[in-house]
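Asker: build me a model from this:
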Amino acid sequence: MGSIIYEKNAISFWMQKNMQLLASCYLQNNQAHCAYHILKGTLLDQCRYLFALSCYQMDLLNEAEASLSPNEASAEVPNGAAGHYLLQILMI
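Answerer: Numbers count the residues shown, from 1 in each chain. Below is the predicted model of the structure:
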């Protein structure tokens, strides 16, 4: 039973890492709308930062700020200094 839960969590983690990589490619190709739909609802910190970046590029500032705000899963702003910088831009 424990190994099944472990495998399910490991698969979920790698799926989110693959989504992160794909979203990074979309963002570098100026396709923020594609990255937005891929990353919506993800929990990894790097994915949350990329989601906020795609929201910022699409002028969805409230959604970007909500994504960067600390939550119960993570007490920190995702992606360190870059996340704090983006959060400051959103608050201006």
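Asker: quick one: the helices in the chain?
Answerer: Here the chain has its helices, by DSSP state H, at 2-28, 32-39, 45-57, 61-68, 80-91.
Asker: so which of those helices is the most packed in?
Answerer: By mean neighbour count, with neighbours taken as mean count of other C-beta atoms under 10 Å, helix 45-57 ranks first of the helices of the chain at a mean of 23. The way it works is simple: take the backbone N, C-alpha and C, and place the C-beta from them, glycine included.
Asker: report all helices and strands that that helix contacts.
Answerer: With contacts defined as 3 or more C-beta pairs under 8 Å, 6 or more residues apart in numbering; DSSP states H and E, the secondary structure elements packing on helix 45-57 are helix 2-28, helix 32-39, helix 61-68, helix 80-91.
Asker: related to what we said a few turns ago, and the helices of the chain, which one averages the lowest pLDDT?
Answerer: Per-segment confidence across the helices of the chain bottoms out at helix 2-28, which has a mean of 79 in mean pLDDT.
Asker: on that earlier part again, mind putting the helices of the chain into a markdown table with distance to Ser74?
Answerer: Conversion of those to a markdown table gives the following (distance: least, C-beta to C-beta, whole Å):
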| stretch | distance to Ser74 |
| --- | --- |
| helix 2-28 | 14 |
| helix 32-39 | 15 |
| helix 45-57 | 6 |
| helix 61-68 | 10 |
| helix 80-91 | 10 |
